[in-house]
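Q: A structural model of the following input is requested.
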Amino acid sequence: MTELADRLVAATSSEREHTAIVVRAEYQPVGGSGRTVMPPTYPVSDGERDPNAKYLLAKRRVDGEPRDAVVIDQEPSQANRVEEAIRDAHSQGRLELPLFEMRVATKRGEIRLTSFDFPHRYADAYLRDSLVEGVRFDESPVGERLRSATVADVRPLYEREPASLIFGAWDSHRKGRWPKFARLYSSSMYGLDPVSYARMGGRMDPQNLIGAVDDATKSEAQWEFVAEGERKKGARLSEIGHGNIAPNLVHGGVTVSKIQRVASISLAGLERLRFGDAAAEASNLARATLAALALAGDRLTFGGPSVWLRSGCDLAKVREEIGLERPGGDLEQIPVGTQGALDAFNDLRHRTSAAGISMDTDTISVQPIPSLSQAIQFAVTSGSQG
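A: Below you'll find the predicted structure:
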């Protein structure tokens with residue numbers, strides 16, 4: 001038994017004294033606080049001339065005062081990063097978890113998708129449109145078991161798809177009314193006092209090629225050159241990757257005073273999970289196991305000295321605190337390293353199993369139905385790269 005495991009059991013019990021497991025961290029760009037950071041970009045309305053309008057800027061109240069802020073990473077993106085880290089840790093043998101796995105051979109190599117890649121988790125269309133030993137997923141024994149999960153008994157998801165309980169899931173594509181499972185783990189990152197920066201973007205061709213493509217409908221590999229003076233129809237060379245592109249104003253990121261990350265695992269949310277007719281001790285241990293898995297995922301993702309979010313957004317950790325939040329916001333700090341969180345999860349998973357609620361550890365292979373397989377093949381070999 002680990003000390004962290006025991007603390008999580010106490011934190012998730014009916015006599016709990018805390019509101020959440022909370023992580024508060026501050027980051028700065030690798031290389032120093034004055035360096036530019038690239039936030040995520042979003043579509044803007046036609047005619048928008050401000051290159052930095054693609055960023056999500058808003059006011060936030062920090063320490064009681066309104067501050068300008070910019071989104072660095074939103075909750076869904078952070079959850080996906082944690083799921084990816086858990087998937088990789090499973091592949092490395094660092095923790096045992098149930099898994100669905102889809103492998104598809106394409107002309108550009110094999111594609112592998114797992115439970116931690118499906119956007120809607122247990123309710124995802126990739127699973128719906130797959131086969132288990134030749135049987136449509138929803139009609140297979142494992143599919144029927146997952147579909148039987150209710151708010152009053154989440155054991156089917158705990159057994160086979162615990163990430164759906166931690167990160168949230170809702171079946172919005174199948175007909176009928178299906179339960180909604182809200183995310184219990186939430187994390188986001190934002191920068192304070194952003195100052196927008198614009199840059200000039202373009203491309204210089206080493207040979208300064210000029211001219212045109214005779215037929216714009218032809219592929220990049222089958223185009224015909226037309227001297228610029230003879231051009232009657234077609235497209236510029238720059239549209240197929242040749243020639244110069246004149247510099248133009250594009251978004252160039254922001255500088256911020258600091259970047260903050262706040263993550264939480266809701267103890268009230270865990271308390272709402274019901275495990276049917278399971279004993280109270282087993283139910284509490286199952287909640288603690290889910291908390292440990294979420295915490296392990298957070299540490300796998302953000303426990304290191306730096307985190308890379310996207311091109312131009314390589315962030316170094318300045319400080320961090322982890323603890324159990326008391327009513328009012330104070331933290332009862334607890335030291336949690338990555339391995340310690342993994343050990344706590346493994347300990348609690350075994351204790352929960354001994355108490356009567358088991359989490360599977362096997363991998364179930366699923367195959368896409370022909371239509372889905374065709375769609376995957378087209379996306380890989382012919383479709384546009386969105």
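
Q: what about Gly143, how many neighbours?
A: By the criterion of other Cβ atoms under 10 Å, Gly143 has 21 neighbours. Quick note: C-beta positions are derived from backbone N, CA and C, even for glycine.

Q: ignore the last one, Asp330
A: Here the number of neighbours of Asp330 (other Cβ under 10 Å) works out to 10.

Q: State the distance from it to Ala123.
A: Remark: distance between Asp330 and Ala123 (Cβ to Cβ, to the nearest Å) = 37 Å.

Q: need the longest strand for the protein.
A: Taking DSSP state E as the criterion, the chain has its longest strand at strand 313-325.

Q: thought Ser186 was touching Gly269?
A: No. At 9.4 Å, Ser186 does not count as touching Gly269 under the criterion of Cβ atoms under 8 Å.

Q: out of those two, which sits in the busier spot?
A: Ranked by neighbour count (other Cβ under 10 Å), Ser186 and Gly269 place Gly269 first, with 22 against 19.

Q: quick one: that one is in a helix?
A: Yes. Counting by DSSP: H, G, I helix; E, B strand; the rest coil, Gly269 is located in a helix.

Q: Need phi/psi at the nearest residue to it once chain neighbours are set aside.
A: Spatial nearest neighbour of Gly269, excluding adjacent residues (Cβ to Cβ, 6 or more residues apart in numbering): Leu184 at 4.3 Å. Note on Leu184: its backbone torsions stand at phi -100, psi -30 [degrees, to the nearest 10].

Q: Walk me through which strands the longest strand of the chain pairs with, and which way each runs.
A: Strand pairing for strand 313-325, determined by DSSP bridges: strand 20-29 (antiparallel), strand 306-310 (antiparallel), strand 331-333 (antiparallel).

Q: ok, how many other residues are close to Phe302?
A: By other Cβ under 10 Å, 24 other residues sit near Phe302.

Q: what do you get for Leu209?
A: Around Leu209 there are 12 other residues, counting by other Cβ under 10 Å.

Q: And it, how far from Phe225?
A: Noted for Leu209: a distance of 9 Å to Phe225, by Cβ to Cβ.

Q: same thing with Asp362?
A: Taking Cβ to Cβ, one finds Asp362 at 58 Å from Phe225.

Q: Tell me which of those two has more neighbours.
A: Set Asp362 next to Phe225 and count neighbours by other Cβ under 10 Å: Phe225 wins out with 13 against 9.

Q: Surely that one and Val213 touch.
A: Yes. The criterion here is Cβ under 8 Å, and Phe225 meets it with Val213 at 7.3 Å.

Q: quick one: low-confidence ranges for this protein?
A: For the chain, applying pLDDT under 70 flags the ranges 1, 46-49, 51, 172-177, 198-200, 215-220, 228-234, 246, 249-251, 383-386.

Q: The lengthiest helix in it packs against which elements?
A: In the chain, assigned by DSSP state H, the helix with the most residues is helix 280-302. Judged by 3 or more Cβ pairs under 8 Å, 6 or more residues apart in numbering; DSSP states H and E, the packing partners of helix 280-302 are helix 3-11, strand 20-29, helix 75-91, helix 162-167, strand 185-192, strand 258-266, helix 267-271, helix 338-355.

Q: Does Phe118 fall in a helix, a strand, or a coil region?
A: Once three-state DSSP is applied, Phe118 turns out coil.

Q: Which residue, other than its chain neighbours, is closest to it?
A: In space, Phe118 is closest to Asp124, 3.7 Å off (Cβ to Cβ, 6+ apart).

Q: burial measure for that neighbour, as a count.
A: Asp124 is flanked by 21 other residues according to other Cβ under 10 Å.

Q: Ser238 versus that one, what's the distance?
A: Asp124 sits 40 Å away from Ser238, going by Cβ to Cβ.

Q: cool, Asp193 as well?
A: Where Ser238 is concerned, Asp193 sits at a distance of 38 Å (Cβ to Cβ).

Q: for Asp129, same thing?
A: 40 Å.

Q: Kindly report the same for Gln333.
A: Taken as Cβ to Cβ, the span from Gln333 to Ser238 is 56 Å.
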